[in-house]
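Novice: Kindly generate the corresponding structure for this input.
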Amino acid sequence: MYSGGDGTIENPYLIATSADFFNIRYNLNAHYKQVADINMSDISWEPVGTFSGSYDGAGHKIYNLDLGSSMALNYGLFGQIQPTSGRTWVKNITLVNPKVNQTISGAIKRYFGFLAGQAINTDFINCNIYQGEIDFTSESETTEPFEDLGGICGKTSDCRFENCKVEINLNVYESKDVGFICGYTYPDASEEDTVVAKCEVSGKFKGSFWYAGGIAGRAGGEVSKCSASMIIEGSGTQVGGLIGVSLGHVYECFSVATLHGKFGESSPLIGRTAGGIVENCYSHGQINLEADGLNIYWKAGGLTGGY
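Specialist: Numbering: from 1, shown residues only. Coordinates of the predicted model:
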């Protein structure tokens, strides 16, 4: 079933092939270590279920992951990551040329990230995504917005992202909470904030957005020593090169971003600061707003568009 190991922390199952990785779904609470680069182009991927073990990519790569056929509530390489107790981790993993291309119809509530749709009490350390492509189109004008759309993870609570790098081009018909590290990091009342530290993102957003940023769409926790290089085109509100809406502490971050379209509360750094703290940050970029007869596109700034 695997290429070695017994699934314990001391002797994790060894993952050397796409078949090995597929079989993770049969032991969701075990521990795994990747021992070779893997090409996923021979698999129509369905996400691993609710994963409570750990995964160490050991610096190896996973190529050509295609999530286009999945209709799962939580979808990514893993569906949801949540330990049964304490914390778990996904670390030292790199996805190269992952993609998702879907036409969406009807009312939806789904969580997407290339590594996980949702994650709780999980540390993502040295997780990288290169040459990623996300393309969600709408079947009709009545299709509900896609919510919680992330590069690494769609929705998180009490997670940590550290030393992660993400490069993605994203095209979406309409979406809420979009970010290349995570889409939505607000905790529920009983949960802890997510921390993002020393992460780098670059790429392009194109579409209609509520709460979109290079690092996170909405961030309720700490974001520190992160950078973003973004091009954002389309329409929406509370859109920033680094963060769409921040309620937490943002420090020692910078963003280089160009925004072009019909945006309310927009900035190369943070679209809206809603009670949080921003210190020792800087931004550089351009904001080219297209007004209409209602004159509703307003509150643009260099560091934050609104507060």
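Novice: contacts, neighbours, all on C-alpha from now
Specialist: OK.
Novice: mind listing what Val239 touches?
Specialist: By Cα atoms under 8 Å, 6 or more residues apart in numbering, Val239 lies in contact with 209-213, 217, 245, 263-267, 270-272.
Novice: I meant to write Ala257 there.
Specialist: For Ala257, the contacting residues are 228-232, 241, 268-269, 283-286, by Cα under 8 Å, 6+ apart.
Novice: and those as JSON lines, adding distance to Asp123, neighbour count and pLDDT?
Specialist: JSON lines is the format used below for these (distance: Cα to Cα, whole Å; neighbours: other Cα atoms under 10 Å; pLDDT from 0 to 100):
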{"residue": "Ala228", "distance to Asp123": "21", "neighbour count": "28", "pLDDT": "97"}
{"residue": "Ser229", "distance to Asp123": "24", "neighbour count": "22", "pLDDT": "97"}
{"residue": "Met230", "distance to Asp123": "25", "neighbour count": "26", "pLDDT": "96"}
{"residue": "Ile231", "distance to Asp123": "28", "neighbour count": "21", "pLDDT": "96"}
{"residue": "Ile232", "distance to Asp123": "28", "neighbour count": "25", "pLDDT": "94"}
{"residue": "Gly241", "distance to Asp123": "24", "neighbour count": "37", "pLDDT": "95"}
{"residue": "Pro268", "distance to Asp123": "28", "neighbour count": "36", "pLDDT": "91"}
{"residue": "Leu269", "distance to Asp123": "25", "neighbour count": "31", "pLDDT": "92"}
{"residue": "Ser283", "distance to Asp123": "28", "neighbour count": "22", "pLDDT": "93"}
{"residue": "His284", "distance to Asp123": "30", "neighbour count": "16", "pLDDT": "91"}
{"residue": "Gly285", "distance to Asp123": "32", "neighbour count": "17", "pLDDT": "88"}
{"residue": "Gln286", "distance to Asp123": "34", "neighbour count": "15", "pLDDT": "86"}
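Novice: So which of the residues you listed sit within helices?
Specialist: Counting by DSSP state H, these place none of their members in helices.
Novice: Closest to Leu115 out of those residues?
Specialist: Taking Cα to Cα as the measure, Leu115 lies nearest Ala228 of those, at 19.7 Å.
Novice: State the distance from the closest one to Thr258.
Specialist: 11 Å (Cα to Cα, to the nearest Å).
Novice: all helices of the chain, in order?
Specialist: Going by DSSP H, the chain shows helices at 18-22.
Novice: lowest-confidence helix or strand of it?
Specialist: Between all helices and strands in the chain, the lowest mean by mean pLDDT, DSSP states H and E belongs to strand 304-306, at a mean of 77.
Novice: partner strands of that strand, parallel or antiparallel?
Specialist: Using DSSP bridges, strand 304-306 pairs in its sheet with strand 270-273 (parallel).
Novice: Contacts for the strand it pairs with, please.
Specialist: The contact list for strand 270-273 (Cα under 8 Å, 6+ apart) reads 211, 213, 237-247, 265-266, 300, 303-307.
Novice: quick one: low-confidence ranges for the stretch 1-150 of the chain?
Specialist: By pLDDT under 70, the low-scoring segments of the stretch 1-150 of the chain are 69-70, 105-109, 140-144.
Novice: Return the distance of the nearest residue to Phe22 once chain neighbours are set aside relative to Gly59.
Specialist: Using Cα to Cα, 6 or more residues apart in numbering and skipping residues adjacent in sequence, the residue nearest Phe22 is Val48, 7.6 Å away. Counting by Cα to Cα, the gap from Val48 to Gly59 is 21 Å.
Novice: quick one, which of those two is more surrounded?
Specialist: Val48 (23 against 16; other Cα atoms under 10 Å).
Novice: so what sits against both of Ala228 and Thr258?
Specialist: Gly241.
Novice: What is the lengthiest strand in the chain packed up against?
Specialist: Ranked by residue count, the top strand of the chain under DSSP state E comes out as strand 122-138. When contacts are defined as 3 or more Cα pairs under 8 Å, 6 or more residues apart in numbering; DSSP states H and E, strand 122-138 packs onto strand 88-96, strand 99-104, strand 160-162, strand 165-179.
Novice: Could you identify which of these is most buried?
Specialist: Compared across these, strand 165-179 shows the largest average neighbour count, a mean of 24 (mean count of other Cα atoms under 10 Å).
Novice: The stretch 1-150 of the chain: strands as residue ranges?
Specialist: 13-15, 31-34, 38-39, 48-51, 54-56, 61-63, 74-75, 78-81, 88-96, 99-104, 111-112, 116-120, 122-138, 146-150 (DSSP state E, counting those that start in this stretch).
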